[in-house]
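A.B. asks: Next input, structure requested:
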Amino acid sequence: MTSSLDGVRFSVLDRSRTREGEGGSEALRATVRLAQEVEALGYHRFWVSEHHGVPGVAGSAPTVLAAAVAAATSTIRVGTGGVMLPNHRPLLVAEAFGVLEALFPGRIDMGLGRSVGFTDGVRRALGRDKDDAGRFAEQLAELLGWFTGTQTAYPGVHARPAEGLRVPPFVLATGEGATTAAEAGLPLVIGDLRGRERMLAAVDAYRAAFRPSAWTEEPYVVVSGTVAVAGTEEEARRLLAPEAWSAAWSRTRGDFPPLAPVERIAESSMTEKQRGLFEAGLTGHVHGTEEQVAAELERVVKETGAREVLVTTSTHDRAALLDSYRRLARVAGLTSANDGTST
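C.D. replies: Numbers count the residues shown, from 1 in each chain. Sure thing, here's the model as predicted:
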């Protein structure tokens, strides 16, 4: 029997979440190890993220971390999910990805987002404000122009070694950002899987407005979200608890903490508000046994027409996380060797 997952790519986005009792060095090295492990499982690409001033996240410089990941792997595509373009000058972004592509030809992806720092203090430190997100389309056009040699804002200036290189760009977005991806003719990465109706509306709008470009001839949708697979549904649900508790804590205490062990979370005394946020954080994700996850992912892929699933799962127990990725690889029918093909 043919599965609707046949031909669908599966990829991983890791945010370098820290765990209680460890620092950034351990989290970053664990990200590199995870990339090696999922490469062996046959995942298509491995992306890293950009977060500034977040205590529970070590990944603040995605192009630097992507270089370490690419150096430690050999076939899996490596990129960013994403570089937040409003935080950077497009020339510097082009130069960074140009260097990556020159060092690791044919393996680099350029995932781009439109968010700015999540607090006023971080935005001030970055020299940005909320309004800068509104310039995303303009910055995106300039960035792509540095690669094609067609930017006109700075006559006589060239991005070296980026100019002439082809680094596949992706837009991470919902709503207005999905429209930007369509008008630029770029692949769209959209999540999370919990906001299904909003996601479907954005995907429909993206397809309707898509304009073929030199980068992408037809719409390409990547759906992104948390996927947890275990031997039982309850075990899979336990994998979700550390991230759910971290989010609940941050929304009530204003501090995004490292991931805690499930056992300590179970013993924690929660306020009524925290309990409600924690329970909400456990719902809506794709989780369960291999059979349950396969059925749910088939439904998501059928509804969205997605050609790729980007998994962003975080949990305290790294061995359990790797087991989840192993099980998901079986669900997806991945091979043990990644072919490194583009886009």
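A.B. asks: Mean confidence (pLDDT) on stretch 31-44, please.
C.D. replies: For stretch 31-44, the mean per-residue pLDDT is 98.
A.B. asks: right, I mislabeled it, should have said stretch 61-76
C.D. replies: On average, stretch 61-76 scores 97.
A.B. asks: Give the buried residues for that stretch.
C.D. replies: 62-63, 65-70, 73, 76 (16 or more other Cβ atoms under 10 Å). To be clear about C-beta, it is placed using only N, CA and C from the backbone, and glycine gets the same treatment.
A.B. asks: repeat for stretch 80-95
C.D. replies: Across stretch 80-95, burial judged by 16+ other Cβ under 10 Å covers 80-88, 90-91, 93-95.
A.B. asks: Just give me the neighbour total for the residue lying closest to Ala72 once chain neighbours are set aside.
C.D. replies: Nearest residue to Ala72 in three dimensions, chain neighbours excluded: Val32, at 5.0 Å (Cβ to Cβ, 6 or more residues apart in numbering). By other Cβ atoms under 10 Å, 20 other residues sit near Val32.
A.B. asks: Kindly report the same for Gly276.
C.D. replies: With neighbours defined by other Cβ under 10 Å, the count for Gly276 comes to 12.
A.B. asks: Same question for Val301.
C.D. replies: Val301: 21 neighbours (other Cβ under 10 Å).
A.B. asks: From the buried residues of stretch 61-76, pick the one nearest Phe256.
C.D. replies: Nearest to Phe256 out of the buried residues of stretch 61-76 is Pro62 (Cβ to Cβ; 17.8 Å).
A.B. asks: circling back to that earlier point, for Ala68, see how far away the residue nearest to Ala72 is.
C.D. replies: Plainly put, Val32 is 6 Å away from Ala68 if you go by Cβ to Cβ, to the nearest Å.
A.B. asks: Ala247 too?
C.D. replies: Taking Cβ to Cβ, one finds Ala247 at 27 Å from Ala68.
A.B. asks: Val93 is in what secondary structure piece?
C.D. replies: helix 90-103 (DSSP states H and E).
A.B. asks: Likewise for Ala320?
C.D. replies: Using DSSP H and E, Ala320 falls in helix 318-332.
A.B. asks: related to what we said a few turns ago, let me have the buried residues of stretch 80-95 in a markdown table, extended by pLDDT and distance to Glu233.
C.D. replies: Formatted as a markdown table, those follow (pLDDT from 0 to 100; distance: Cβ to Cβ, whole Å):
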| residue | pLDDT | distance to Glu233 |
| --- | --- | --- |
| Thr80 | 97 | 33 |
| Gly81 | 93 | 28 |
| Gly82 | 89 | 32 |
| Val83 | 94 | 36 |
| Met84 | 91 | 35 |
| Leu85 | 91 | 39 |
| Pro86 | 89 | 40 |
| Asn87 | 90 | 39 |
| His88 | 90 | 42 |
| Pro90 | 96 | 45 |
| Leu91 | 97 | 49 |
| Val93 | 97 | 42 |
| Ala94 | 98 | 46 |
| Glu95 | 98 | 47 |
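A.B. asks: now those residues in CSV, with distance to Pro258?
C.D. replies: Output for these, formatted as CSV (distance: Cβ to Cβ, whole Å):
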residue, distance to Pro258
Thr80, 22
Gly81, 21
Gly82, 23
Val83, 24
Met84, 22
Leu85, 28
Pro86, 27
Asn87, 24
His88, 27
Pro90, 33
Leu91, 35
Val93, 29
Ala94, 34
Glu95, 33
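A.B. asks: that older thread, which two among the buried residues of stretch 61-76 are spaced furthest apart?
C.D. replies: Farthest pair in the buried residues of stretch 61-76 (Cβ to Cβ) is Thr63 and Ile76. Separation: 16.7 Å.
A.B. asks: quick one: Pro212 from Thr180, how far?
C.D. replies: The value you get for Pro212 to Thr180, if Cβ to Cβ is used, is 16 Å.
A.B. asks: mind exporting the helix holding Val93 as CSV, just the C-alpha atoms?
C.D. replies: The C-alpha coordinates for helix 90-103 follow below in CSV (Å, rounded to 0.1, in the frame of the first residue of the first chain):
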residue,chain,number,x,y,z
PRO,A,90,22.0,41.8,3.7
LEU,A,91,25.6,42.1,2.5
LEU,A,92,27.0,40.5,5.6
VAL,A,93,24.4,37.7,5.3
ALA,A,94,25.4,37.1,1.7
GLU,A,95,29.1,37.1,2.6
ALA,A,96,28.6,34.6,5.4
PHE,A,97,26.6,32.1,3.2
GLY,A,98,29.0,32.7,0.4
VAL,A,99,31.8,31.5,2.6
LEU,A,100,29.8,28.5,3.7
GLU,A,101,28.9,27.5,0.2
ALA,A,102,32.5,28.0,-1.0
LEU,A,103,33.7,25.7,1.8
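A.B. asks: Mind giving me the packing neighbours of that helix?
C.D. replies: helix 62-72, strand 110-113, helix 136-148 (3 or more Cβ pairs under 8 Å, 6 or more residues apart in numbering; DSSP states H and E).
A.B. asks: Run the chain-centre distance for it.
C.D. replies: Distance, stretch centre to chain centre, for helix 90-103: 19 Å (Cα atoms, centre = their mean, to the nearest Å).
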